[in-house]
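Undergrad: need a 3D model of the following:
(chains A and B)
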Amino acid sequence: MMHLLLGHPDDPCCAGVFARLEARSLAVRVIAEPLAPPARLTWHLDAAGVTSSLYPDISDTEIAGILVRDIGLLDPQGWDPADHAYMQAESRAVILAWLASLACPVINRPDATQWYGAGAPIFAWRTLLHGSGLLLPELVVTSNPDAARAFRCRLARDGVAGAVYVPVTGAAGYLLGDDEAWERLAALQMRAPVCLTEPHGPVTLVCVVGDEVIWDGSLPPEAADLELALSRFAAAARLTFVEIALARVRGGIAVVLVEPKPRLEHFTENARDQILDAIVALLAPAVALVDSRVPA
Amino acid sequence: MILVCGSLADPVTELVCARLQSCGYAYRFVELGRYPEDYQLGWCWRENRSEGWIAGPDWRLDLDEISGVYVRFLGPEDRPLLPGFDACDAAALRNEGDLALIALIETLACPVVNRMQGGVSNNSKPYQALMIGRTGLRVPPTLVTSDPMAVRAFHEKHGELIYKSASAVRSIVRRLGPDQLERLELLRNGPAHLQAFIPGHNIRVHTVGERIFATRIDSDAVDYRYAHLDGTTATLEPVTIQPAVEAACLRLADELGLLFAGIDLKQTPDGDYFCFEANPCPGFLYYERHTGQPISAALADLLRGSAARSRHEAAAAMS
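TA: Below is the predicted model:
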């Protein structure tokens, strides 16, 4: 049986899981581009169900588990831009179907919403977060400079200086700390609505892996209540492996980041070890009980 | 009040607006060709609830006034250039604006035709085929492969094959002929999506909430949408399909989260039905014009909140 890690060998998560599986004498392979040679895909659907095979030397029924980190990008070299975009769309479509139909554990097994909605802004998760009992910072999406100014005043009244501008299409946030920044924002609002949220203090990172909630560093006082809510959220979002950042805002402790592709390098060494052990336990449950911890 | 987001340059959106007008259902229109420049919007998420508004040149609508939304986005080629911006910055700004509008629409509890989540499975036809199979509809034998040998074996087993894109990139369905069989080695560059050719009549089913409109298409073309390219024609007429197939189509639309769907079926000479795909943004104008089926009228009722399914959805969203 073979374990496949879809991603780059330099990705600390791939590297850490690879080392642990190999230390347990389990067959494991890191694959940066799943459809690149020697891959030869056959995915066959009929009334009896799906049969598939991607690699000539491993039948899909011999795949013990898959960790999905990244599926690479088709090298644009030599492609007409339109053809390249087409081939990229085709590859993504095909890999989604292949992953969705495998019988083995897939972390995270993607559905179409996750697959095509990668990089979704934090507010895209609001219904699931709210339903799980988790708080989201106040946020405003507006093309009206008056509404933006009203938000600034509301925060100032509560003793919060500035606001954070977060492009809807990006993950980075920009602190609007002075009048000049707010003027630039108003100019931007002439062209497109903007998303503003309240600034927050230091974050506490937590990673949910299967049933385990792994905190990075010291636990906040609300940890016990939060763990239940975090597990509920991960289950509702159908994420076996998810990184969440929590921070204190005016209304209490809130979720400020949901990352369905957790970055191991965000976590301290102890948390990394726990995360990797938990992933390995999901990918290779029968042998994970044997403690043979190796460094990430 | 109904909110329509689209472009009057698009005949499908134009028909929706005309139908709302003729039904006497009040609506506000966001011309996406001039969005976001000519429109303003605002919504906030505060204390675990959302509130907001959207405004046009001479109107303003609070979100809780909206009974239903019809949205049909434009392709990049249909968006006017933004003066003073290069193509990359212009596309980024358009994207920001569109996602902000989508975010606003997604906050609504009323019927939305269609929510983004409903459409994403269409980006992968083989993935959607898995979902179709779970609803009880049969899917033609399908092969996605980069292996020329596998195509030859599939061809041998099923005889006539068709091929089309696996993704949402629009493609014309074609028969696999001798020319393609000679070029199978090119599959090493990337997989192709093939299906066994199913003989019989094409049937397009439009589900509108809980209502069903089935249209039979008689054409010799493999892809009747492009019959004229093959020098053939297509004739359309309303048809009644088996109740079990109707129920499966409604189940599929429900499973995909689509209040309005265009489902492509084929009925074989033996009376079996096969399903090819579900379209989340159907260009139903073609079918309505040819058959007189009141698809747009049913859609108008759905958006007004007077259709049974929309009441059910609104109640579920509010619970």
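
Undergrad: per-residue pLDDT, the residue positioned nearest the centre of chain A?
TA: The centroid of chain A falls nearest to residue A:260 when counting by C-alpha atoms, centre = their mean (1.6 Å). Looking at residue A:260, its pLDDT reads 94.

Undergrad: I figured it hits residue A:108, correct?
TA: Yes: if you go by C-beta atoms under 8 Å, residue A:260 and residue A:108 touch, sitting 6.1 Å apart. Using the backbone N, CA and C atoms, a C-beta is placed for each residue, glycine as well.

Undergrad: and for those two, which residues touch both?
TA: A:114, A:239, A:241, A:242 (C-beta atoms under 8 Å, 6 or more residues apart in numbering or on different chains).

Undergrad: report the buried members of those.
TA: A:114, A:239, A:241, A:242 (16 or more other C-beta atoms under 10 Å in any protein chain shown).

Undergrad: what's around residue A:137, how many residues?
TA: For residue A:137, the count of nearby residues is 21 (other C-beta atoms under 10 Å in any protein chain shown).

Undergrad: does it count as helix, strand or coil?
TA: When classified by DSSP: H, G, I helix; E, B strand; the rest coil, residue A:137 comes out as coil.

Undergrad: now it. Its backbone dihedrals?
TA: phi -60, psi 150 (degrees, to the nearest 10).

Undergrad: contacting residues around it?
TA: Counted by C-beta under 8 Å, 6+ apart, residue A:137 has contacts A:197, A:198, A:200, A:247, A:249, A:251, A:254, A:256.

Undergrad: can you do 10 Å?
TA: A:122-123, A:164, A:197-200, A:247-251, A:254-256, B:45-46 (C-beta atoms under 10 Å, 6 or more residues apart in numbering or on different chains).

Undergrad: go ahead and build a ChimeraX selection from the buried members of the residues you listed.
TA: To isolate the buried members of the contacts of residue A:137 in ChimeraX, using 16+ other C-beta under 10 Å:
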select /A:122,123,164,197,198,199,200,247,248,249,254,255,256 /B:45,46
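
Undergrad: please parse the chain into its domains.
TA: You didn't pick a chain, so chain A it is. A:2-116, A:122-133+A:202-260, A:139-197 (automatic domain parsing).

Undergrad: chain B is the one I meant
TA: Split by automatic domain parsing, chain B gives B:2-108, B:141-196, B:199-293.

Undergrad: is chain A within reach of the shortest one?
TA: Spelled out, that is domain B:141-196. Yes: interface with chain A: domain B:141-196 contributes B:141-151, B:153-154, B:157-158, B:165-169, B:171, B:187-196 (C-beta under 10 Å from any C-beta of the partner chain).

Undergrad: list the ones among these that fall in helices.
TA: Those of those mapping onto helices are B:148, B:149, B:150, B:151, B:153, B:154, B:157, B:158, per DSSP state H.

Undergrad: next one: the third one from residue A:284, what distance?
TA: Remark: distance between residue B:150 and residue A:284 (C-beta to C-beta, to the nearest Å) = 30 Å.

Undergrad: rewinding a little: widest-spaced pair of the buried ones among the shared contacts of residue A:260 and residue A:108?
TA: Greatest spacing in those, by C-beta to C-beta: A:114 and A:241 (11.7 Å).
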